[in-house]
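Trainee: Next come a sequence and a model predicted from it.
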Amino acid sequence: IGRATGIKLVVAGQYKREAERIKVNLVLENPLTGKVYDSKEFEVNNDLELEGMVTNNVVSMLKVYIPEKDGQSFKMSSTNNVMAYRVFSKTWELFLAGNYEEAILLCKQALELDPEYLDVYKRLGNIYDIKGDRNLALSTYLEYIRLSEKKGDIGNLANALINAGWIYHNSGDYAQAFELYNKGLIKAVEGNNKLYEAKAYRQLGAWHTDKGQYDKAESFLLKSMMIDAKKSHIYDYKYNLACDYQELGILYSYKEDYKKALRYFLKSMNIFKSLNAEKQLKWVTERISDQISDNYTCIGDVYFEKGENDKAMDYYRKGLEIDKLIGWQEGIAGDYRSFGEVYAAKGDFDKALVYYSKSLEIFSTTKDEVGLGGVYRALGKLYTKKGVYDRALNYFKQALPIYEKAGFPEAEEIKAEIAEIELKKTVK
């Protein structure tokens, strides 16, 4: 084939099924000379994982070994430094195994060799985000944006903008998140990158849901869903489709269309479970597990709103079990707040206070302002029911600036709650 076509670079592969495992070997070679430039060996559980892993490994090899016209040098997609690439390539397996500190160390070594290596900034930002270090994640993504712009790399720029927007979103800076999401969408469309286009639509949908702008949220989420559904045979799109369904479930839950909300949560859950990540790949397992946990929590929220407190608690417990297993602190904090809500609804204020306090402690440690705002408001409502108005007022006043900064419509409700308490104190 090489002689007939003049092709000078071929990825050849073979696989072997053994019991429930599939062993794969890939080789990048010159078919005319037989020279081998790179090789990869890995194992997977099923055909779905086989497709994703083959694609990822072929792309990683071809990124380095694409021959120039003169046939002498090699052109790399985001680095021209072979040593930097070789160091960075070792971080992938560490990342999948959850060995984040070792992966960070190698990423930094790769940056010493090539300070403008875009792939490194992308991975470092992901690692810091997973570890819950938003400040480092944000500074990394901002540098990722700067260098992507400098290099004119539209695809990386779209991803960097959206990722940075997500950090601002979770930190309660909705104005900055909105700006970055829109910029990321423009770049994704400009570069005809459907994966990032759908991602931008989904984040904008989540943004509008949080703002109470449900019609706009639905429009964005349906756009994302349509793109991801068309390519759901590809792993990343299938994963993102499950995220689309989850966000639609949240939207319909807020709209009090609980039947539709439950349907989307279950569709999301089924996809995440079908992905069946390999157990030894810690990052993949965590990535899917925290989404399944979110679905359990969201389903619990639906039953809580319907007044089915015991059923809600069953789902909250399932979410907590997963969050503890993977060590997701903000998820655990959210679960404890949900427990508190159920006990408060049952009139067991002492138990509610125990769980609200646990939630508050974790959110304070992780510096999650939006999470803190939710607990402050819940505590304000709790002490209002107990008739301890000074404490209730204190918590509402701590919650208000957080809700105002984020631009949440509930800020007006908190103002009304403060006014009502102040009136009660006056009358008293």
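Mentor: Structure's in. What do you need?
Trainee: ok now do Gln203, which residues does it touch?
Mentor: Contacts here follow C-beta atoms under 8 Å, 6 or more residues apart in numbering; on that basis Gln203 touches 162, 165-166, 169, 177, 181. For the C-beta atoms, the positions are set from N, CA and C on the backbone; glycine is no exception.
Trainee: For it, what is the enclosing helix or strand?
Mentor: helix 194-210 (DSSP states H and E).
Trainee: ditto for Ile22
Mentor: strand 21-29.
Trainee: ok, now Leu142?
Mentor: In this assignment (DSSP H and E), Leu142 forms part of helix 134-151.
Trainee: How far off centre is that helix?
Mentor: Here helix 134-151 is found 17 Å from its chain centre; the criterion is C-alpha atoms, centre = their mean, to the nearest Å.
Trainee: buried stuff in it?
Mentor: If you call a residue buried by 16 or more other C-beta atoms under 10 Å, then helix 134-151 has these buried ones: 134, 136-145, 147-148.
Trainee: How about residues contacting the very next helix or strand once past that helix?
Mentor: Where DSSP H and E defines the elements, the next helix or strand beyond helix 134-151 is helix 154-170. Residues outside helix 154-170 that contact it (C-beta under 8 Å, 6+ apart): 78, 118, 121-122, 125-126, 129, 134, 137-138, 141-142, 144-145, 148-149, 174, 176-181, 183-185, 187-188, 190-191, 193, 196-197, 199-200, 203, 206-207, 368, 370.
Trainee: Pull out the buried residues from the residues you listed.
Mentor: Among the contacts of helix 154-170, those classed as buried by neighbour count (16+ other C-beta under 10 Å) are 78, 118, 121-122, 125-126, 129, 134, 137-138, 141-142, 144-145, 148, 174, 177-178, 180-181, 183-185, 187-188, 191, 193, 196-197, 199-200, 203, 206-207, 368, 370.
Trainee: Can you show me the strands along the stretch 301-428 of the chain?
Mentor: Counting by DSSP state E, counting those that start in this stretch, the stretch 301-428 of the chain has no strands at all.
Trainee: tell me which of the buried residues of helix 134-151 is nearest to Phe408?
Mentor: Relative to Phe408, the closest of the buried residues of helix 134-151 is Arg134; by C-beta to C-beta it sits at 19.1 Å.
Trainee: low pLDDT regions in the stretch 151-300 of the chain?
Mentor: The stretch 151-300 of the chain contains residues with pLDDT under 70 at 276-287.
Trainee: can you rerun that using 90?
Mentor: Counting by pLDDT under 90, the ranges of the stretch 151-300 of the chain that qualify are 170-172, 232-236, 239, 272-292.
Trainee: for the helix or strand that contains Tyr264, packing partners?
Mentor: Taking DSSP H and E as the criterion, the element that holds Tyr264 is helix 258-275. Contact here means 3 or more C-beta pairs under 8 Å, 6 or more residues apart in numbering; DSSP states H and E; on that basis helix 258-275 packs against helix 235-254, helix 282-305.
Trainee: hmm, back to that, redo the contacts of Gln203 as TSV? Include distance to Tyr336.
Mentor: Formatted as TSV, the entries for the contacts of Gln203 read as follows, by distance: C-beta to C-beta, whole Å:
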residue	distance to Tyr336
Ile162	30
Gly165	28
Trp166	24
His169	22
Ala177	26
Tyr181	30
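Trainee: Go through those residues and say which is closest to Cys243.
Mentor: Trp166 (11.8 Å).
Trainee: Check which residues of stretch 296-313 are buried.
Mentor: Judged by neighbour count (16+ other C-beta under 10 Å), stretch 296-313 contains these buried residues: 296-304, 309, 312-313.
Trainee: Ile414 and Thr384, how far apart?
Mentor: Ile414 is 12 Å from Thr384, where distance means C-beta to C-beta, to the nearest Å.
Trainee: er, Ala378 actually
Mentor: Ala378 is 11 Å from Thr384, where distance means C-beta to C-beta.
Trainee: Give me the more crowded residue out of those two.
Mentor: The neighbour count for Ala378 versus Thr384, taken as other C-beta atoms under 10 Å, is higher for Ala378 (22 against 19).
Trainee: I'd like to check what contacts the strand or helix carrying Leu222. Which residues are they?
Mentor: In this assignment (DSSP H and E), Leu222 forms part of helix 214-230. Applying C-beta under 8 Å, 6+ apart, the set of residues contacting helix 214-230 from outside is 194, 197-199, 201-202, 204-209, 237-238, 240-241, 244-245, 247-248, 251, 254-255.
Trainee: hmm, which of these are the buried ones?
Mentor: Here the buried ones among the contacts of helix 214-230, as counted with 16+ other C-beta under 10 Å, turn out to be 197-199, 201-202, 204-209, 237-238, 240-241, 244-245, 247-248, 251, 254.
Trainee: quick one: the helices in the stretch 301-428 of the chain?
Mentor: Counting by DSSP state H, counting those that start in this stretch, the stretch 301-428 of the chain forms helices over residues 309-326, 329-345, 349-366, 369-386, 389-406, 410-427, given from the N-terminal end onward.
Trainee: Out of those helices, which gets nearest to Glu93?
Mentor: Glu93 sits nearest to helix 309-326 of all those, at 19.1 Å, using C-beta to C-beta.
Trainee: Give me the distance between Pro115 and Arg146.
Mentor: For Pro115, the distance to Arg146 under the criterion C-beta to C-beta works out to 12 Å.
Trainee: same deal with Glu321?
Mentor: The spacing between Glu321 and Arg146, counted by C-beta to C-beta, is 41 Å.
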